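Undergrad: Need the 3D shape of this:
(2 chains)
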Amino acid sequence: MTSAIATKDKIRAQGLSLFYGDNQALFDINLEMPEGSITAFIGPSGCGKSTLLRTLNRMNDLIPNVTINGEVLVDGENIYAPDTDVVNLRKNVGMVFQRPNPFPMSIYDNIAYGPRIHGIRKKRDLDEIVERSLQQAALWDEVKDRLGKSAMGLSGGQQQRLCIARLLAVDPQVLLMDEPTSALDPISTLKVEELTQELKSKYTIIIVTHNMQQAARISDTTAFFLNGVMVEHGVTDKLFTNPTDQRTEDYITGRFG
Amino acid sequence: MNSKLTNNIANLVFWMFGFTILGILIWFLWHILAAGLPHLSWDFITGKPQEIIAGGGVGPQLFNSFYILFLSLLFSIPFGIGAGIWLSEYAKKNWFTDLVRLSTEMLSSVPSIVFGLFGMLVFVTTFGLGFTILGGALTLALLNLPVLVRVTEETLRAVPDSYREASAALGATKWQTIRKVLIPTALPGLVTGITLVAGRALGESAILIFTAGVTVSRFAPDFNVFASGETLAVRLWYVRSEGLVPDAMEIAEGTAALLVIVVLLLNLLIGLPSRYLQRKAAGK
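TA: Down below sits the predicted model:
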């Protein structure tokens, strides 16, 4: 690994397998995601990359009939241990989804939603968090005069940055991004990509993407998945220029997927 | 026939259906209001009823209609919405849940007069309450409960899962998600359901004849839930079928008009703020 990558692992999957009913979707995944860097998951549709992402903050708990074997360690703690506080886990490991999903409330209330449920009540504190989060998400200048207006009136790209701001407002340590730009136009995509570069100094980011150029542009390490198996994981530059596995090479050169 | 022509015919037919509905409403309102409005006066709306002589009013009945409506909603809304939330958000998919859902559906198709008989057997006779506002309101609550459960469940199910995911991913508990995202989002649908139920309750007669009786307290307004409480709809039935007053027809017409106006006002009163909130949330 290069020196650009921090040595400490923020998240580590160990022998992780996942079943939807009798269908195995992930096979014995072993993967380290270093702190303060961007890890990209790439692979064809249905390869398990989004499923893996959703195991990292236990979003799969919301789906019935999911069985998980193995461990996911966040800061060395197994989040599938019986005494895990899932609510607290998700506060630390937040998620941005494929489709922007703002709540049907005002821009302000969207951002203040997280802080409020975590007990922050004072107007002055909330105002400060709302402004800081929107600025971090590079949205403040566009919305500062319409904070009381519904978030549903924003464009798709603005909505996605709002969702990122909403997440930053709860002050997480890890951002999971599930194809965050696949529903956005190129300009909005660029803005979100730039945003990830600014955020990675403070947060550990794990991003699932369909778009290999995107993975190459923004990530430090990349993991390639195929049919629920992690084929290869390494420094992004090396994985894209000189992959170890034949299947990775076939995929990145466009022979399938 | 070519497809363009059939399309035009279809266009015409569907417009006609639309106008037919509107026409029926106007026809109906015209008849009821034209017959009833001339009898509506302050004395009629607030006055006490008469049993033998002409000139009685429906003041107590108007009060009882709303009092019974209020009490029945007070009993049915917590249980109805609660059970709906349970079915939509908490219940696992198994035979027990299916059984609860099936029971709700069966209960919602029971004819109201059968509920009336049930209410009479239970509250009036077994509990020995006699004909009371309380017994009427409780029986009415039973009638409305299954409707509220279904409306709540369906409205909550219509809220996209992406909201539940977004909320969970911010570290919200299930209850916080329900309280702060799902219920506010589903509110317009819930309000529509409550309006529907309230309208039905205001117009219900069969149940109340059996449980709240056809007489009113000597005092008006009487908040005593153990008094008997004839409502507007029951009064309408009573004067036309058993009434001895010489102006029974006029009272019936006036009562019908008053009932229609009251239901319309109630709809507007609940519906307008809800629509406003909905538009605001949608960013218009």
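
Undergrad: okay, the closest residue to chain B within the stretch 151-257 of chain A: pLDDT?
TA: Closest residue of the stretch 151-257 of chain A to chain B, Cβ to the nearest Cβ: residue A:153 (3.1 Å). To be clear about C-beta, it is placed using only N, CA and C from the backbone, and glycine gets the same treatment. At residue A:153, the predicted lDDT confidence score is 91.

Undergrad: Next, count neighbours for it.
TA: When counting by other Cβ atoms under 10 Å in any protein chain shown, one arrives at 15 neighbours for residue A:153.

Undergrad: Same check on residue A:117?
TA: Neighbour count for residue A:117, taken as other Cβ under 10 Å: 21.

Undergrad: Give me the phi and psi for it.
TA: Recorded main-chain torsions at residue A:117 are phi -70, psi -20, according to degrees, to the nearest 10.

Undergrad: so residue A:12 is in which element?
TA: Counting by DSSP states H and E, the secondary-structure element that holds residue A:12 is strand A:9-20.

Undergrad: Go through the helix or strand that comes right after that strand and flag the buried ones.
TA: If you walk from strand A:9-20 toward the C-terminus, the next helix or strand you reach (DSSP H and E) is strand A:23-34. By 16 or more other Cβ atoms under 10 Å in any protein chain shown, the buried positions in strand A:23-34 come out as A:24, A:25, A:26, A:29, A:31, A:32, A:33, A:34.

Undergrad: What is the nearest of these to residue A:108?
TA: The shortest distance between residue A:108 and any of these, using Cβ to Cβ, involves residue A:33 and amounts to 32.9 Å.

Undergrad: Surely the closest one and residue A:9 touch.
TA: Yes: checked against Cβ atoms under 8 Å, the pair residue A:33 and residue A:9 is within contact range at 6.5 Å.

Undergrad: In which helix or strand does the most centrally placed residue in chain A reside?
TA: The centre of chain A sits closest to residue A:176, judged by Cα atoms, centre = their mean, with a distance of 1.6 Å. Using DSSP H and E, the secondary-structure element containing residue A:176 is strand A:174-178.

Undergrad: Would you list the strands that that strand pairs with, along with their directions?
TA: strand A:93-96 (parallel), strand A:204-208 (parallel) (DSSP bridges).

Undergrad: What lies in contact with it?
TA: Strand A:174-178 has contacts (Cβ atoms under 8 Å, 6 or more residues apart in numbering or on different chains) with A:10-11, A:50, A:53-54, A:56-57, A:74, A:92-98, A:164, A:167, A:196, A:199, A:203-208.

Undergrad: about what we covered before: burial measure for the residue nearest to the residue nearest to the centre of chain A when sequence neighbours are not counted, as a count.
TA: Nearest in space to residue A:176, with sequence neighbours left out and distances taken as Cβ to Cβ, 6 or more residues apart in numbering or on different chains, is residue A:95 at 4.4 Å. The criterion is other Cβ under 10 Å. On that basis, residue A:95 has 25 neighbouring residues.

Undergrad: Also residue B:160?
TA: As a burial measure, the neighbour count of residue B:160 was computed by other Cβ under 10 Å and equals 12.

Undergrad: The nearest residue in space to residue A:219 that is not next to it in sequence in helix, strand or coil?
TA: Sequence neighbours aside, residue A:40 is the residue nearest to residue A:219 in space, at 3.6 Å (criterion: Cβ to Cβ, 6+ apart). Under DSSP: H, G, I helix; E, B strand; the rest coil, residue A:40 falls in the strand class.

Undergrad: what sits against residue A:40?
TA: For residue A:40, the contact set (Cβ under 8 Å, 6+ apart) comprises A:206, A:207, A:208, A:209, A:214, A:215, A:218, A:219, A:221, A:222, A:223, A:236.

Undergrad: what about the last one, neighbour count?
TA: Here the number of neighbours of residue A:236 (other Cβ under 10 Å) works out to 21.

Undergrad: same question, the one 3 residues further on
TA: The criterion is other Cβ under 10 Å. On that basis, residue A:239 has 25 neighbouring residues.

Undergrad: what do you get for residue A:233?
TA: Applying other Cβ under 10 Å, we find 20 residues neighbouring residue A:233.

Undergrad: you'd agree it is up against residue A:219?
TA: No: using Cβ under 8 Å, residue A:233 makes no contact with residue A:219, being 11.3 Å away.

Undergrad: and residue A:74, what is it in contact with?
TA: Contacts of residue A:74 were listed using Cβ under 8 Å, 6+ apart, and they are A:10, A:11, A:56, A:89, A:92, A:93, A:174.

Undergrad: Quick check: phi and psi on residue 53?
TA: You didn't pick a chain, so chain A it is. Note on residue A:53: its backbone torsions stand at phi -60, psi -40 [degrees, to the nearest 10].

Undergrad: how near is it to residue A:98?
TA: Distance of residue A:53 to residue A:98, computed by Cβ to Cβ, to the nearest Å: 11 Å.

Undergrad: Which one's more surrounded, the two?
TA: residue A:53 (21 against 17).

Undergrad: what does the model give the more buried one for pLDDT?
TA: Model confidence at residue A:53 (pLDDT) stands at 95.

Undergrad: contacting residues for it?
TA: With contacts taken as Cβ under 8 Å, 6+ apart, residue A:53 has the following neighbours: A:41, A:95, A:176, A:178, A:206, A:208.

Undergrad: how about the helices in the stretch 101-250 of chain A?
TA: When assigned using DSSP state H, counting those that start in this stretch, the helices of the stretch 101-250 of chain A occupy the ranges A:107-117, A:123-136, A:140-143, A:156-168, A:186-199, A:212-218, A:236-241, A:246-252.

Undergrad: ditto for the stretch 151-284 of chain B
TA: B:161-169, B:174-177, B:183-203, B:206-211, B:232-241, B:248-281.

Undergrad: The stretch 1-150 of chain B too?
TA: Under DSSP H, counting those that start in this stretch, the stretch 1-150 of chain B gives helices at B:3-36, B:42-46, B:59-85, B:95-108, B:112-119, B:133-157.

Undergrad: what angle separates the third one from helix B:183-203?
TA: Per axes from the mean of the first three to the mean of the last three Cα atoms, to 10 degrees, the angle that helix B:59-85 makes with helix B:183-203 is 140 degrees.

Undergrad: Quick one: list the elements packing against helix B:59-85.
TA: Secondary structure elements in contact with helix B:59-85, counted by 3 or more Cβ pairs under 8 Å, 6 or more residues apart in numbering or on different chains; DSSP states H and E, are helix B:42-46, helix B:133-157, helix B:183-203, helix B:232-241, helix B:248-281.

Undergrad: how many neighbours does residue 223 have?
TA: Since you didn't name a chain, this refers to chain A. The local packing of residue A:223 (other Cβ under 10 Å) involves 28 other residues.

Undergrad: not what I meant, chain B
TA: Using other Cβ under 10 Å, the number of residues around residue B:223 comes to 10.

Undergrad: How much space separates the nearest residue to it once chain neighbours are set aside from chain A?
TA: Here the nearest residue to residue B:223 in space, its sequence neighbours aside, is residue B:67; by Cβ to Cβ, 6+ apart that works out to 7.2 Å. When Cβ to the nearest Cβ, to the nearest Å is the yardstick, residue B:67 and chain A sit 36 Å from each other.

Undergrad: Give me every residue in the stretch 151-257 of chain A lying close to chain B.
TA: Along the stretch 151-257 of chain A, the residues adjacent to chain B under the rule Cβ under 8 Å from any Cβ of the partner chain are A:151, A:152, A:153, A:154, A:163, A:166, A:167, A:170.

Undergrad: Just to check, the fourth one is in contact with residue A:104?
TA: To tie it back to what came earlier, the one meant is residue A:154. No: counting by Cβ under 8 Å, residue A:154 does not reach residue A:104; the two are 11.9 Å apart.

Undergrad: hang on, the earlier thing: the strand holding residue A:12 vs chain B: in contact?
TA: No: legend: contact between strand A:9-20 and chain B by Cβ under 8 Å from any Cβ is lacking; minimum distance shown is 15.2 Å.

Undergrad: Residue B:136 is in contact with the residue nearest to residue B:223, correct?
TA: No: using Cβ under 8 Å as the test, residue B:67 is too far from residue B:136 to be in contact (9.6 Å).
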